[in-house]
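In: fold the following.
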Amino acid sequence: MALTACDTGTTVETPSASLVQGDKPEEQELRRASQAMQKTILQGVAAGGAAGGLLDLTFGGDDSIGAGIAIGAGAGAAAGTYVAFVQRKYTRRARRLKQIQTDLDRNAQEMEATLAAMNAALQVQKQDLAAIKLRAAQGTATPEDLARETAEANSNLSQMRLAIDGATKRQAEFTETRDLTKRRQEEVAPIDPELAAMANRIAEMRAVANDLATSL
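Out: Below is the predicted model of the structure:
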């Protein structure tokens, strides 16, 4: 793992997200949450670079044209975005608003679960780091022991950053739908409270990642 303790910007290195035998339950849950955050982005967001495949947009809706809608990656980014999906699937503002609010509610639940997983992994990792540093100071841990624990912490930090990156992309996609939910000449959108709550959750996620980074 090449990551080091630095700021939690959106530029991240993508590690293998597979669960590693020997991972603690909190670390396994963090990886699951990080994977879920990224998977939803890949399925529901523009993916013009998806190697010519199809994206299955399976967001919840009330008058759905099937379980989802497949959009060819070759159609380009504009056609593959979440906002384009909502525009094509619904013509009435009320229908669009209900769709978007349903997806915002689902996203909020996933972000809460991700934040909880990050906090749990943070507490365990900080305890492990403190313990190994104490042992190293006492001469009962080798440099290799310390290096292994630091690498594990960097791996967890990487998963946190990937989750934050996914959450930030979702935030941008939902923000693009603001105008679809407003009546003409309205300045405030019905989804503004949900967007504000999402921004707060991302800030909390960044704080958790920063806490771990400063512990390294």
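
In: now tell me which helix or strand of the chain has the poorest mean pLDDT.
Out: The helix or strand of the chain with the poorest confidence is strand 69-72; it has a mean of 35 (mean pLDDT, DSSP states H and E).

In: any weak-confidence spans in the chain?
Out: 1-22, 39-80 (pLDDT under 70).

In: residues contacting residue 188?
Out: residue 182 (Cβ atoms under 8 Å, 6 or more residues apart in numbering). In this view, the C-beta of every residue, glycine as well, is placed from N, C-alpha and C.

In: make sure I have this right: it is in a strand.
Out: No. Looking at residue 188 with DSSP: H, G, I helix; E, B strand; the rest coil, it is coil, so not inside a strand.

In: return the distance of it relative to residue 181.
Out: 10 Å (Cβ to Cβ, to the nearest Å).

In: looking at it, residue 24 is touching residue 123, isn't it?
Out: No. Taking Cβ atoms under 8 Å as the definition, residue 24 is not a contact partner of residue 123, at 10.9 Å.

In: what's the closest non-adjacent residue to residue 38?
Out: residue 166 (4.7 Å; Cβ to Cβ, 6 or more residues apart in numbering).

In: does the one you found touch residue 37 like I think?
Out: Yes. Residue 166 lies in contact with residue 37 (Cβ under 8 Å); the separation is 3.7 Å.

In: hang on, the earlier thing: what strand or helix carries the residue nearest to residue 38?
Out: Using DSSP states H and E, residue 166 sits in helix 143-176.

In: can you show me the helices along the protein?
Out: 25-44, 77-80, 82-89, 93-138, 143-176, 178-181, 192-215 (DSSP state H).

In: how about those in CSV, adding mean neighbour count?
Out: CSV is the format used below for the helices of the chain (neighbours: other Cβ atoms under 10 Å):
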stretch, mean neighbour count
helix 25-44, 19
helix 77-80, 15
helix 82-89, 18
helix 93-138, 17
helix 143-176, 19
helix 178-181, 16
helix 192-215, 16
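
In: run a quick neighbour tally on residue 23.
Out: 16 (other Cβ atoms under 10 Å).

In: who's in contact with it?
Out: residue 31.

In: also the one 3 residues further on?
Out: Listed by Cβ under 8 Å, 6+ apart, the contact partners of residue 26 are 117, 120, 121, 123, 124.

In: can you do 6 Å?
Out: 120, 121, 124 (Cβ atoms under 6 Å, 6 or more residues apart in numbering).

In: lovely, talk soon.
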